[in-house]
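**Student:** Have a look at this prediction, sequence included:
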Amino acid sequence: MSVAASERRWRLAWNRAARALEERIGLDLVLLVSRISVAAVFFSSGRTKVEGLAVSDGAIALFRDEYRLPLVDPVLAAHAAAYAEHLLPLLLVVGLLTRGAALGLLAMTLVIQVFVYPDAWPTHLSWAAPLLLLTARGGGRFALDRPLGLR
């Protein structure tokens with residue numbers, strides 16, 4: 001058997017395996033896992049900002065002393081972040097208004113990257129990747145958007 005024939009066989013086998021994976025791991029499963037994984041990160045962060053139903057003094061101090069967002073009052077920023085980090089992940093988990101929720105968290109990621117932790121870009125990219133996928137493709141078949149006719 002020639003080297004060229006061996007390479008063709010290897011390529012065919014590889015492509016068959018790739019096709020089998022594509023059929024078994026559909027985009028809808030990838031979208032579901034993306035929604036849940038990124039929602040968990042932001043929801044967990046949101047939980048650290050509240051005590052009971054109120055935004056904690058510690059969260060406000062964090063926005064005042066460490067995050068220091070330009071042109072935004074720390075009290076307003078702490079409340080907005082806490083609410084967004086609770087509501088948007090919940091929307092993602094159930095797949096309701098998926099694209100909007102993903103865009104909101106993507107915007108939050110961008111703010112964190114640019115103004116708060118610019119050296120943490122590898123972490124922020126790991127958040128941005130599923131958020132970009134969800135923004136581009138929506139929540140998939142396992143999302144409430146689908147039966148409600150929302151694109």
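**Tutor:** Cool, got the structure. Residues are numbered from 1 along each chain as shown.

**Student:** give me the element residue 101 is part of.
**Tutor:** Here residue 101 is covered by helix 98-111, with elements defined by DSSP states H and E.

**Student:** how long is stretch 110-117 from one end to the other?
**Tutor:** 10 Å (Cα to Cα, to the nearest Å).

**Student:** scratch that, stretch 19-33 is what I was asking about
**Tutor:** The first and last residues of stretch 19-33 sit 20 Å apart, counting by Cα to Cα.

**Student:** Pull out the buried positions in it.
**Tutor:** 31, 32 (16 or more other Cβ atoms under 10 Å). For glycine as for every other residue, the C-beta is placed from the backbone atoms N, C-alpha and C.

**Student:** One more: stretch 48-68?
**Tutor:** Quick answer for stretch 48-68 (16+ other Cβ under 10 Å): 49, 50, 55, 59, 60, 62, 63, 67.

**Student:** related to what we said a few turns ago, can you tell me what sits against the helix holding residue 101?
**Tutor:** With Cβ atoms under 8 Å, 6 or more residues apart in numbering as the test, helix 98-111 has contacts from 35, 38, 42, 69, 81, 84-85, 88-89, 91-92, 124, 127-128, 131-132, 134-135, 138-139, 143, 145, 151.

**Student:** and after it, which helix or strand comes next?
**Tutor:** helix 121-137.

**Student:** roughly how far is that following helix from the heart of the chain?
**Tutor:** Between the centre of helix 121-137 and the centre of its host chain there is 5 Å, according to Cα atoms, centre = their mean, to the nearest Å.

**Student:** what's next to it, contact-wise?
**Tutor:** If you take Cβ under 8 Å, 6+ apart as the criterion, helix 121-137 is touched by 27, 30-31, 34-35, 37-38, 41-42, 92, 98-99, 101-103, 105-106, 109, 112-113, 117.
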